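Visitor: please find the sequence and the predicted model below.
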Amino acid sequence: MSKYFKFENKSDYIYYLSEIIIDTIQKKERLEFYFNEIITLLESNPNAKLINSILYESISDKTIRPLQYLSNLIGDESKKAVSYRKFRKILFKNRNNLNIKIDNLSNEEEKLLGEFNQLRNWGLHIPESIFIQKKLFFNMDENYILENKSQIIIPKYYNFEIKFLQEYKEELSNFLSSTEIILSRMKKDYEQLIGEKFEFVFEDNIYKPYKIMDIAQNSWDIQNGKKN
């Protein structure tokens, strides 16, 4: 089985874009839920100067996963990865073959997709510039490093200044706003692709069966050459 999704007819484009839209809405809603928790926390402690480190880091940990997922889903350019940015280029290139009209992206949309790509690249690796800037910030010159080489100091913080959470709230707010703009473009693309209006139908399920993990397992096996 192929590692790459093949666009052979219009239904392939419709399916692919609908899956991107579904994923975007689901992860965006989860991130919005955590974002509202941050707002509630800040509003309930308006005079706080510090926030407990475990609390702050738990907020950071649970928001980073949907944030990075959305960054990948929207901005990835990897050959084998799903992403709206990559799909949009394919769709626009093949619009005449599909006999459809697809709008050009606005300057803002182009800029945002580029930013999602940069954020995706930043989030999936640790840039060496971090080490360089830390060395400069703490004035760790050659003499300091050699004089202290017999100890590796591991800092532990019991609290963070509340500004960490305040600034993080603004970052998430901007990220969610950008996601909404790109999601709106996805919806317009979908309408132009199918040639008509569409509606969302929210399906309620009592539970998610674990059997559905076969999808991820089979994908893993294919990517690692364990299945033909």
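Guide: Looks like it came in fine. What you are looking at is a predicted structure, and each value in this text was computed from that prediction instead of being measured.

Visitor: buried stuff in the helix ranked longest in the chain?
Guide: The helix that spans the most residues within the chain, counting by DSSP state H, is helix 10-44. Buried residues in helix 10-44, counting neighbours by 16 or more other CB atoms under 10 Å, are found at 10, 13, 16-17, 20-21, 23-25, 27-28, 30-31, 34-35, 38, 41. Yep, even glycine has a C-beta here, placed from its N, CA and C like the rest.

Visitor: what do you get for stretch 128-145?
Guide: Buried residues in stretch 128-145, counting neighbours by 16+ other CB under 10 Å, are absent.

Visitor: could we number from 47 for the rest of this?
Guide: Sure, I'll start counting at 47 from here, so that last one is stretch 174-191.

Visitor: what distance separates the start and the end of that stretch?
Guide: End-to-end distance for stretch 174-191: 18 Å, by CA to CA, to the nearest Å.

Visitor: same question for stretch 142-160.
Guide: Stretch 142-160 end-to-end distance (CA to CA) = 25 Å.

Visitor: ok, now stretch 87-105?
Guide: 11 Å.

Visitor: elements contacting the longest helix of the chain?
Guide: helix 99-121, helix 130-139, helix 209-240 (3 or more CB pairs under 8 Å, 6 or more residues apart in numbering; DSSP states H and E).

Visitor: now the host helix or strand of residue 182: average pLDDT?
Guide: Using DSSP states H and E, residue 182 sits within helix 174-183. Helix 174-183 shows a mean pLDDT of 93.

Visitor: which one of the helices and strands packed on helix 56-90 lies nearest to residue 254?
Guide: Residue 254 lies closest, by CB to CB, to one member of these: helix 99-121, at 16.6 Å.
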